[in-house]
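[1] let me see the structure of the following:
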Amino acid sequence: MSAWTRVATPPETGVDFGPGHKILTSRTGRFTLRLELRTMLVCSVLAIAGIALALYALATGDFTLTLGEVVRTLLGQGSEQSELVVLTWRLPRVLMALLLGAALGASGAIFQSMTRNPLGSPDIIGFNTGAYTGALLVILVLGGGYLQVAVGALAGGLATAAMVYLLAYKRGSQGFRLIIVGIAFSAFLASVNTWLILRANLEEAMSAAIWGAGSLNAIGWEQGVPALLVTAVFFAAAAALAPRMKMMEMGDDAASALGIRVESSRLLLMVVGVGLTALATAAAGPIAFIALAAPQVARRLARTPGVRMAPAAVLGAVLLLASDLIAQRAFTDTALPVGVVTVSLGGAYLIWLLIREAKRQ
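    You can find the predicted model right below:
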């Protein structure tokens, strides 16, 4: 018999998880595993869509390949020309779009769950802006390379998170206060970023401004491999903290009653969420609205009572890859920064979300 068996009752927390779930427990009863069937189905469908988009991105462009040629090249059976096009030019960009989109989606899910507000995403609260400030200081003041920029973006994001948390702290950190303080601090940092660019020489200022739009145009294996390794660490930490995140959605008092250390868990979640955002900012610049839209759209698709990290990450990957394809294919003469597309789509989504929240209240 399997070490896992199906049981009809939820775990001993007393929480009713509702229909559409399977609760698995070990023979000893010491471990439980809850499966949300619709969430798993949504993740599977989105993953298939992401694979289809990735194959399309690898096959199309200035040099068109068939699907069979792409598959053979990925299996190591392609020609030298197809290996150059697929493996060297296109594959790093596709993988980074999926990776960074997943990072932004997961980060958005963390902050929206933590604040219990659909506006509580890192680009609204200001952590994207703080990571951009850290990267700009390294680029324009210190003249650092890619790894130094990555460290600067992470340090800027964490410093911004610390400042927002301290300014919003009053007998605990409430979600609405975090958002308000984050928006104000983001406006301050945006003015600092503008001042840094205006004081730089023309060449550095143009380079920083283009990078600040959020672009995957210069992505290669040099950026992809370090980003993959760092992301694996942050995703492992996010997976470990996901059960606490679900409990904290019920409120601080309920989470404390279930044995969750609320403030320490909130701090750990903030570090992981800021790390994922800073990683994306360091690799491709500040890409807006993926972290805002992906968790809420995934929540509606999966019909979950709260924000879930897994579907948000998968949808974020699909959204960023689709946006990058639009940025590359919308105009034949030039490739747009992907941030231009995400801002255009995300701006419309933000307007709809604000109107919806206003009507609800």
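
[2] what average pLDDT does the longest helix belonging to the chain get?
    Counting by DSSP state H, the longest helix found in the chain is helix 221-248. Helix 221-248 shows a mean pLDDT of 84.

[3] what comes up buried for that helix?
    For helix 221-248, a neighbour-count test (16 or more other Cβ atoms under 10 Å) marks 223-224, 226-227, 230-231, 234-235, 237-238, 241-242, 244-248 as buried. To be clear about C-beta, it is placed using only N, CA and C from the backbone, and glycine gets the same treatment.

[4] same question for stretch 106-125.
    Within stretch 106-125, the residues that count as buried by 16+ other Cβ under 10 Å are 106-125.

[5] which of these fall within helices?
    Using DSSP H, the subset of those located in helices is 106-115, 122-125.

[6] list just the nearest of those to G285.
    Comparing these against G285 with Cβ to Cβ places D123 closest, at 12.1 Å.

[7] report all helices and strands that the longest helix of the chain contacts.
    helix 91-115, helix 146-168, helix 252-257, helix 262-284, helix 309-329 (3 or more Cβ pairs under 8 Å, 6 or more residues apart in numbering; DSSP states H and E).

[8] rerun at 7 Å
    Under the contact criterion of 3 or more Cβ pairs under 7 Å, 6 or more residues apart in numbering; DSSP states H and E, helix 221-248 touches helix 91-115, helix 262-284.

[9] what sits against the residue nearest in space to the middle of the chain?
    For the chain, the residue nearest the mean C-alpha position is L104 (1.1 Å; Cα atoms, centre = their mean). Going by Cβ atoms under 7 Å, 6 or more residues apart in numbering, L104 touches T277, A280, I287, I290, A291, A294, G316, L320.

[10] what's near enough to touch the closest residue to V341 other than its chain neighbours?
    Sequence neighbours aside, S323 is the residue nearest to V341 in space, at 4.3 Å (criterion: Cβ to Cβ, 6 or more residues apart in numbering). S323 makes contact with V338, V341, T342, L345, according to Cβ under 7 Å, 6+ apart.

[11] need the residues you listed in TSV (columns: pLDDT).
    Converted to TSV, those look like this (pLDDT from 0 to 100):
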residue	pLDDT
V338	87
V341	87
T342	88
L345	81
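
[12] make JSON lines from the residues you listed and add neighbour count and distance to R300 to it.
    Converted to JSON lines, the contacts of S323 look like this (neighbours: other Cβ atoms under 10 Å; distance: Cβ to Cβ, whole Å):
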{"residue": "V338", "neighbour count": "30", "distance to R300": "24"}
{"residue": "V341", "neighbour count": "23", "distance to R300": "22"}
{"residue": "T342", "neighbour count": "29", "distance to R300": "19"}
{"residue": "L345", "neighbour count": "18", "distance to R300": "16"}
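
[13] quick one: which of the residues you listed is nearest F188?
    In terms of Cβ to Cβ, no member of those lies closer to F188 than T342, at 23.4 Å.

[14] from A54, how far out is that closest one?
    Using Cβ to Cβ, to the nearest Å, T342 is found at 18 Å from A54.

[15] can you check I210 too?
    From I210 across to A54, the span is 25 Å (Cβ to Cβ).

[16] the more surrounded of the two?
    Per other Cβ atoms under 10 Å, whichever of I210 and A54 has more neighbours is A54, with 21 against 14.

[17] hang on, that one in a strand?
    No. Applying DSSP: H, G, I helix; E, B strand; the rest coil, one finds A54 to be helix, outside a strand.

[18] for it, give me its contacts.
    Contacts of A54 (Cβ under 7 Å, 6+ apart): V94, L98, L321.

[19] for S191, state which of these is nearest.
    L321 (32.7 Å).

[20] and the closest one, how many residues sit next to it?
    27.

[21] surely V192 meets G134?
    No. Counting by Cβ atoms under 7 Å, V192 does not reach G134; the two are 10.8 Å apart.

[22] out of the two, which sits in the busier spot?
    Higher neighbour count among V192 and G134: G134, with 26 against 15, using other Cβ under 10 Å.
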